[in-house]
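> Structure for the following, please:
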Amino acid sequence: ERPWVLTAFGRKLACLQSIAVGRLGNFIAPFQFSVTDFNVLSQDLMETNGNLYSHVLDPQWLAWSYRSTVILADIIRHSSDIVCLQEVNEVHFYDFFQPKMRQLGYTCVYKKRRGDKPDGCATFVRSSVFEVLHVQKVEYYVSDRCVLDRDNIALILTLKPNFPKNVKVSKDMRDMRLIVANTHLLFNPKRGDVKLSQLGFLMAEIERLSYKERTLKLNDNYQPVLLCGDLSASPTSPLYTFLRRGFLKYDGLDCAAVSGQLVEDWPTSSRHRYLRYPILPEQLRINEDCQYLGALFQRRKRQENRVERSISESEGVAVGNRQRLLSSGRNTPTFSVGSPVPDEEDEVVDPDPEKAGMAAAMDFLGLDSSTKPKRVYSREFLLELRDSPLCEAEPPGLSTFPPEMRQQGESEDSPIPPNDADDLDDQPASMAEYLRSTSDMVLRHKLRFLSAFEHHLVDDCSTAEVSTYHARVCENLDYVLYTAAPDGHTEGPLKLVGRLGLPSSAVVVAAGGLPNRKHGSDHLPLVAKFAISNEPTGRGMSHAEGRKKRTITL
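Okay, here's the model as predicted:
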């Protein structure tokens, strides 16, 4: 039996709900949804590697007719709103999973691995809970001559939550989109270079799809993201560290140590592979921050356009003020940067120069000095000010970052990429040179992930959880990850409510291993429940009192 484990947030939510039902009246809960991640074991791959399942007591349990019934029963029992499956045979998707899941009210999306591979990834979304806005199918294969020469794939869906109409939701929440990524990375424990490159490729795609313009209310540039799948890496591996911490110094790292897998009887070789630049093929035009350079250039253009529009609007306001002054017949003094200071004999200077300067500016703009003016500057004035000695001088007491505290890869002499995306196609050699010159052998990404699972038993932190078992492997390789707040440590809009606990290796072995009579795959399904809320996790939930009844909101 797998226990359902509530987080602190989930316990508060359950407590408030029970109190509201008993005493306070109506209860306005946050928008909640559940997720299942499940590697269902490709029938073709199982039959090809039959020696890995010699421990199964009854051969009938390996037949697809039996396994499919057990797997579907697992999915229906958990009844998750988002279901991410890996190793789904193409024929089984169209003949079995898609008809069954459509009857249950799901939107079905599938991507098969390239070439003659029989299986792929499938994502199912309950139509009443989410609307599918966009589907991005990702192939990690680039070329036979680079590290990305394998046929693994990913599915990335952009979802719009269907918030209940009777629940008040802020505009920021209404505009929120949920990015759901489903992937299966290469299994080979010795090819950590391939896995890290595939994951960097996936991070670039997720970054591009989840990016949004920063707003004043939300200091975050990205939509919330769920990353589900079989990552073929242990929770203690550098690959997992890369996802959690947001960076990994890969130079000289042994490829066999990247995933941290404990695989018995795996063929060994005296030749060791070490990670070297480039970890991402240069033809992808992805930098070591896992960002597409073309996307960065487009964002820079949009930012420049916003600045130009702001300057144009400021010029229009300044011209209008000057015209009003001329039409009124008032004298309009002229000011210029670097003008000499008048002599003391010319005029009496106000003892408070700041107030005197403000009064002169207010008089020049034709505004009432009793009100706080809106500061408006023309383009010519800003350009003149930029080149003036005033901007070149360093203010006294200014504290600067020493060079050793500067972010890795960032320096005053860093080369500048081409000005627009067209240069990427016209000058591939300069693009490759730019990528090489900016590399510091550290792979980063802009998204910080938290795990829905603790990777150890609730009552025994020294005992690890396992999600997969066969003759060579008994460990945790499957994940449900979600993005944190911008600080990387606390939860953002996605709040974990609870998860279905995983067993230890001893429990799995005592049950006869996987698959067995009750479990149709060599992986166990990962199930988690989330809430979408702007309420900080570390604080109590807000509530409002009414005259006759109290309503609790989250």
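
> show me what contacts the residue nearest to residue 70 when sequence neighbours are not counted?
Closest residue to residue 70 apart from its sequence neighbours, by Cβ to Cβ, 6 or more residues apart in numbering: residue 520 at 3.5 Å. Just so you know, the C-beta spots here come from the backbone N, C-alpha and C atoms, and that holds for glycine as well. Contacts for residue 520 (Cβ atoms under 8 Å, 6 or more residues apart in numbering) come out as 40, 41, 61, 66, 67, 68, 69, 70, 71, 74.

> helix or strand for the second one, which one?
When secondary structure is defined by DSSP states H and E, residue 41 falls outside every helix and strand.

> List phi and psi for it.
The phi/psi pair for residue 41 (degrees, to the nearest 10) reads phi 70, psi 100.

> Isn't it up against residue 523?
Yes: Residue 41 is within contact range of residue 523, at 6.7 Å (criterion: Cβ atoms under 8 Å).

> hang on, the earlier thing: tell me which entries of the contacts of residue 520 lie within helices.
The members of those that map onto helices under DSSP state H are 66, 67, 68, 69, 70, 71, 74.

> ok so the residue nearest to residue 70 is a strand residue?
No: the assignment for residue 520 (DSSP: H, G, I helix; E, B strand; the rest coil) gives coil, which keeps it out of a strand.

> measure it to residue 471 for me?
18 Å (Cβ to Cβ, to the nearest Å).

> Could you say which helix or strand holds the closest residue to residue 158 other than its chain neighbours?
The spatial neighbour of residue 158 that comes closest, neighbours along the chain excluded (Cβ to Cβ, 6+ apart), is residue 134 at 4.0 Å. Using DSSP H and E, the element containing residue 134 is strand 130-139.

> And for residue 17?
Assigned by DSSP H and E, residue 17 falls within helix 8-19.

> Give the rounded mean pLDDT of that helix.
Average pLDDT, helix 8-19: 86.

> what comes up buried for it?
For helix 8-19, a neighbour-count test (16 or more other Cβ atoms under 10 Å) marks 9, 10, 12, 13, 16 as buried.

> swap in stretch 510-526?
In terms of neighbour count (16+ other Cβ under 10 Å), stretch 510-526 has its buried residues at 512-516, 519-526.

> One more: stretch 224-238?
In stretch 224-238, counting by 16+ other Cβ under 10 Å, buried: 224-235, 237-238.

> now stretch 136-144
136, 138, 140, 141, 142.

> Who are the contact partners of residue 516?
56, 57, 61.

> quick one: least confident of these?
Within the set of the contacts of residue 516, pLDDT is lowest for residue 57 (92).

> Now that one: which helix or strand?
Going by DSSP H and E, residue 57 is not in any helix or strand.

> same thing with residue 195?
Going by DSSP H and E, residue 195 is in helix 192-210.

> Show me what that helix is packed against.
Judged by 3 or more Cβ pairs under 8 Å, 6 or more residues apart in numbering; DSSP states H and E, the packing partners of helix 192-210 are strand 130-139, strand 153-161, strand 178-184, strand 225-230, helix 238-245.

> 10 Å - rerun?
strand 130-139, strand 153-161, strand 178-184, strand 225-230, helix 238-245, strand 247-249, helix 293-328, strand 442-444 (3 or more Cβ pairs under 10 Å, 6 or more residues apart in numbering; DSSP states H and E).

> C-alpha coordinates for that helix, PDB please?
This file holds the C-alpha atoms of helix 192-210, laid out as PDB (Å, rounded to 0.1, in the frame of the first residue of the first chain):
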ATOM      1  CA  GLY A 192      26.000  11.300 -19.600                       C
ATOM      2  CA  ASP A 193      27.100  13.700 -22.300                       C
ATOM      3  CA  VAL A 194      24.100  12.800 -24.400                       C
ATOM      4  CA  LYS A 195      21.700  13.100 -21.400                       C
ATOM      5  CA  LEU A 196      23.000  16.500 -20.400                       C
ATOM      6  CA  SER A 197      22.800  17.800 -23.900                       C
ATOM      7  CA  GLN A 198      19.300  16.500 -24.300                       C
ATOM      8  CA  LEU A 199      18.300  18.100 -21.100                       C
ATOM      9  CA  GLY A 200      19.900  21.400 -22.100                       C
ATOM     10  CA  PHE A 201      18.000  21.300 -25.400                       C
ATOM     11  CA  LEU A 202      14.700  20.700 -23.500                       C
ATOM     12  CA  MET A 203      15.500  23.600 -21.100                       C
ATOM     13  CA  ALA A 204      15.900  25.900 -24.100                       C
ATOM     14  CA  GLU A 205      12.600  24.800 -25.500                       C
ATOM     15  CA  ILE A 206      10.800  25.200 -22.100                       C
ATOM     16  CA  GLU A 207      12.400  28.600 -21.600                       C
ATOM     17  CA  ARG A 208      11.300  29.800 -25.000                       C
ATOM     18  CA  LEU A 209       7.700  28.600 -24.500                       C
ATOM     19  CA  SER A 210       7.300  29.700 -20.900                       C
END
